[in-house]
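fold the following.
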Amino acid sequence: MFMAQIKEEIKKIAGENVAFSIERPENSAYGDYSSNVALVLAKKQVKNPKEVAEELKTRLLSNPIAKWLEKIEVAGPGFLNFFLKEEAVLNGLETVLKEKNNFGKSKLLSGKKIIIEYTDPNPFKEFHIGHLMSNSIGESLARIIEFNGAEVKRANYQGDVGLHVAKAIWAIKNVDGLQEIDLLNGKAYVAGNKAYSDSEKDKKKIAEINKKIYDGSDKKLSDLYEKHKRKSLSYFEAVYGILGMRKIQEKQHFDFYFFESETGKKGKEIVEENLKKGIFEESDGAIIFKGEKYGLHTRVFINSDSLPTYEAKELGLAVIKNEKYQFDISLVVTGNEIIDYFRVILTAEKQIYPELAEKTKHVPHGMLRLPSGKMSSRTGEIIAAESLWDMVKEKLKERLGQNEKVSESARGKILDIVTLGAIKYSILRHSVGSDIVFDFEKSLALEGDSGPYIQYVYARTRSVMERAKGEGVSHSFSKAPGKLGALERLIVHFPDVVEDAYVNLNPNVIGRYLLELAGEFNTFYEKQKIIGLPESPYYVALTEAVSISTKNGLNLLGIEAPDRM
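I've put the predicted structure just below:
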């Protein structure tokens, strides 16, 4: 809330091109905000950092922003620590109650058009916990970006052609015991992959199927392929609904669906056109990009069968995305195992479409595993997203128990909400690039660093508000009972956290904030009687401010806030 204003005023003095930080210190003794701007300026100007800090302090205290500041201190080697007046904090709390669901929104990205690609499950394979990771991170980033003022389009890029499809269709036609449902749950793909590895004869047949699907030369095969592709996509849409994604249109959860059958043709054209320009080279019947020229590695863009590889398809995807939606920024959320691959793609793209490459950013995430270990779709050792959902739900059912005041159908809905909260928060509480081992005990705990704990604290705030309403207690910040505490100051930091989450492209900034807010409120709740005092209107207003901030924060993580638990 105030961070953006302070940062803007510092920029006016220090200059737009000075890269400095301003953040909320972990120790409140260092103020509400702290900045290293004097250290950065002193290095550029070859001056004493403390002298530069004192100069900045003097200028800022004669600046309009000073009306919100109690003081500015120069600390350590030259840090500037900013302390807000209680009047400013109270003003911020009033804003929370006034803005409600809009509290925390900013205009940081106003006028920007951003497309974000995430999830990307392939038809003819299962939706596993790796897709769950990408979907949770991508959906949260989409919401954070929207909250910061941008127009956002969600995109899903899926491999509807390629060897994985050919392997699955070959298996359904040739392996005894497989049924059509096995084209959706990944079993057919696993069987086909084994045959492809074990038998040269089967490998050739699968390669033939791959070509026929790609060029559409076999009508019977094409009809089978199209039928089960539709079933796969319908299955994925059902999963997106379970994951709490907002529907864009009546039957779909993404604005754009891109497919390799479309991007491959475009990518092949691009590579062949630029072969003549020397960007690509021929090698053993294939067309490659010599990454070594740029400190990277060589990758094949068109294979020896004249089929476009994933690399060529990515080039086609970049162009098609831009044709469908004239974006300012394109974010691509994928697993971090393709970081090096993506560097080559962007480097090749930069030679052909420098503006597109400049506007594209890869957001790699780590792997999600259960304590049992790694997973592989090739061998069938994978954990389906629904399996994790069922395991978490069953364990939570025991922990939440039976609330006789709530109907059975309402209990079922609460259980679904808390299950999803537990899974998503366990992913989003970590930094985006981290590998995660899903810890059932910690993730499902009703105390500590978990989604259910934060949801429980939110439900507690709603219980207080319901009781206050029943007893006719109003809410007002007009009469603060003594000195403001850490809880009040923490609440007004929420808009700063929302901006920070975008700047770092990391939802865990919001997760950490919500955990801290929940802890502060619980401390307040345990120590302070809220209803039945002359100061009750203030305490009820404070509880409502916590409730609003928590709900908005959970929403940005793609997690629903239950009124009861």
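
can you pull the contacts of the closest residue in space to residue 431 that isn't next to it in sequence?
Nearest residue to residue 431 in three dimensions, chain neighbours excluded: residue 508, at 5.3 Å (Cβ to Cβ, 6 or more residues apart in numbering). In this view, the C-beta of every residue, glycine as well, is placed from N, C-alpha and C. By Cβ atoms under 8 Å, 6 or more residues apart in numbering, the contact list for residue 508 reads 428, 429, 430, 431, 432.

quick one, strands of this protein?
Taking DSSP state E as the criterion, the chain contains strands spanning 22-23, 33-35, 69-75, 79-84, 113-117, 151-158, 256-259, 281-283, 286-289, 299-302, 329-335, 360-365, 368-369, 436-437.

what about the second one, distance to the chain center?
This points to strand 33-35. 27 Å (Cα atoms, centre = their mean, to the nearest Å).

what helices and strands are in contact with that strand?
When contacts are defined as 3 or more Cβ pairs under 8 Å, 6 or more residues apart in numbering; DSSP states H and E, strand 33-35 sits against helix 3-14, strand 22-23, strand 79-84.

can you list contacts of that strand?
2-3, 6, 10, 20-25, 75, 79-82.

strand partners (parallel or antiparallel) of that strand?
Looking at strand 33-35 with DSSP bridges, its partner strands are strand 22-23 (antiparallel), strand 79-84 (antiparallel).

again with the last one
Note on strand 436-437: by DSSP bridges, its sheet partners are strand 368-369 (parallel).

domain ranges for this protein, per the record?
Domains of the chain are assigned by automatic domain parsing as 3-84, 118-369, 385-556.

out of the ones you listed, nearest to residue 100?
Closest approach to residue 100 among the domains of the chain (Cβ to Cβ): domain 385-556, 5.7 Å.

where in the stretch 51-200 of the chain is pLDDT low?
Low-confidence segments of the stretch 51-200 of the chain (pLDDT under 70): none present.

what about the helices in it?
For the stretch 51-200 of the chain, the helices defined by DSSP state H, counting those that start in this stretch cover 86-99, 129-147, 163-174, 187-198, 200-215.

Serialize those helices to CSV and add fields for distance to residue 363 and mean neighbour count.
As requested, the helices of the stretch 51-200 of the chain are exported to CSV (distance: least, Cβ to Cβ, whole Å; neighbours: other Cβ atoms under 10 Å):
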stretch, distance to residue 363, mean neighbour count
helix 86-99, 29, 17
helix 129-147, 7, 25
helix 163-174, 24, 23
helix 187-198, 27, 21
helix 200-215, 30, 16
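
just checking, which of the contacts of residue 508 belong to helices?
residue 428 (DSSP state H).

now stretch 439-451, how far from the chain's geometric center?
Between the centre of stretch 439-451 and the centre of its chain there are 20 Å (Cα atoms, centre = their mean).

what's the answer for stretch 207-221, then?
The answer for stretch 207-221 is 37 Å, by Cα atoms, centre = their mean.

re the thing from before, farthest pair in the contacts of strand 33-35?
Among these, 2 and 75 lie farthest apart (Cβ to Cβ), at 18.6 Å.

which one of these two has more residues nearby?
Neighbours were counted for residue 2 and for residue 75 using other Cβ atoms under 10 Å; residue 2 has more, 21 against 16.

pLDDT value on that one, please?
We have a pLDDT of 90 for residue 2.

isn't it right up against residue 91?
No: under the criterion of Cβ atoms under 8 Å, residue 2 makes no contact with residue 91, lying 9.5 Å away.

overlap in contacts, the two.
By the contact definition Cβ under 8 Å, 6+ apart, residue 2 and residue 91 are jointly contacted by residue 68.

just to revisit the earlier point, most surrounded residue in the contacts of residue 508?
Highest neighbour count within those: residue 428, with 28 neighbours (other Cβ under 10 Å).

report the separation between that residue and residue 318.
Going from residue 428 to residue 318 by Cβ to Cβ, to the nearest Å gives 27 Å.

any buried residues in the helix ranked longest in the chain, and which?
When the chain is parsed with DSSP H, its longest helix is helix 219-242. Neighbour-count burial for helix 219-242 flags 221, 224, 225, 228, 229, 231, 232, 233, 236, 239, 240 (criterion: 16 or more other Cβ atoms under 10 Å).

export those to CSV and tack on distance to residue 54 and pLDDT?
Compiled in CSV, the buried residues of helix 219-242 are given as follows (distance: Cβ to Cβ, whole Å; pLDDT from 0 to 100):
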residue, distance to residue 54, pLDDT
221, 77, 94
224, 76, 91
225, 72, 93
228, 71, 91
229, 67, 94
231, 69, 92
232, 65, 92
233, 63, 95
236, 59, 95
239, 58, 94
240, 55, 96
